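Chemist: Here's my sequence, what's the structure:
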Amino acid sequence: MSSDQQQSGNAQREAILRYLAACPNAADTLNGVVEWWIPLQRYHDDYEMIAKILEELSVEGLIEKQVLPDKKIIYKAIQEKDSLKK
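Modeler: Got it, this is the predicted structure:
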């Protein structure tokens with residue numbers, strides 16, 4: 001096993017253990033673990049980092065941040081003014 005494979009395996013192992021710590025009654029098949037547990041755990045692990053990246057991209061003017069009436073924030077590509085006239 002290469003060191004990249006070992007690192008990936010260790011990361012997935014830790015994601016599974018964190019998921020089970022958060023959801024101690026969870027039980028699933030291999031497919032369920034691959035499709036649900038690991039992506040959900042990655043979402044929780046990466047949430048704060050992604051929030052920071054989105055804010056940085058918005059501040060840098062690379063994406064648009066919009067606050068909706070219900071106070072939720074959405075992010076989207078910046079539309080060029082010329083393309084709106086067509």
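Chemist: tell me which strands and helices the helix of greatest length in the chain is in contact with?
Modeler: Longest helix of the chain, by residue count under DSSP state H: helix 38-59. Packing partners of helix 38-59 (3 or more Cβ pairs under 8 Å, 6 or more residues apart in numbering; DSSP states H and E): helix 3-22, strand 64-67, strand 73-76. No exception for glycine: its C-beta is placed from N, CA and C like everyone else's.
Chemist: wait, which of the ones you listed is closest to residue 51?
Modeler: Among these, the nearest to residue 51 by Cβ to Cβ is strand 73-76 (9.5 Å).
Chemist: Which residues does that closest one contact?
Modeler: 54, 57-58, 63-68 (Cβ atoms under 8 Å, 6 or more residues apart in numbering).
Chemist: partners of that strand, with directions?
Modeler: strand 64-67 (antiparallel) (DSSP bridges).
Chemist: Next, the buried residues of the partner strand.
Modeler: When neighbours are counted by 16 or more other Cβ atoms under 10 Å, no buried residue of strand 64-67 is found.
Chemist: Check stretch 41-53 too.
Modeler: So, applying 16+ other Cβ under 10 Å, buried residues of stretch 41-53: residue 41.
Chemist: CA atoms only for that stretch, dumped as CSV, please.
Modeler: Extracted in CSV, the C-alpha atoms of stretch 41-53 (Å, rounded to 0.1, in the frame of the first residue of the first chain):
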residue,chain,number,x,y,z
GLN,A,41,-18.8,13.3,8.1
ARG,A,42,-16.7,15.2,5.5
TYR,A,43,-19.5,17.8,5.3
HIS,A,44,-19.3,18.3,9.1
ASP,A,45,-15.5,18.3,9.1
ASP,A,46,-15.2,20.8,6.2
TYR,A,47,-18.2,23.1,7.1
GLU,A,48,-16.2,25.8,8.8
MET,A,49,-13.4,25.7,6.3
ILE,A,50,-15.9,26.0,3.4
ALA,A,51,-17.6,28.9,5.1
LYS,A,52,-14.3,30.8,5.5
ILE,A,53,-13.4,30.1,1.8
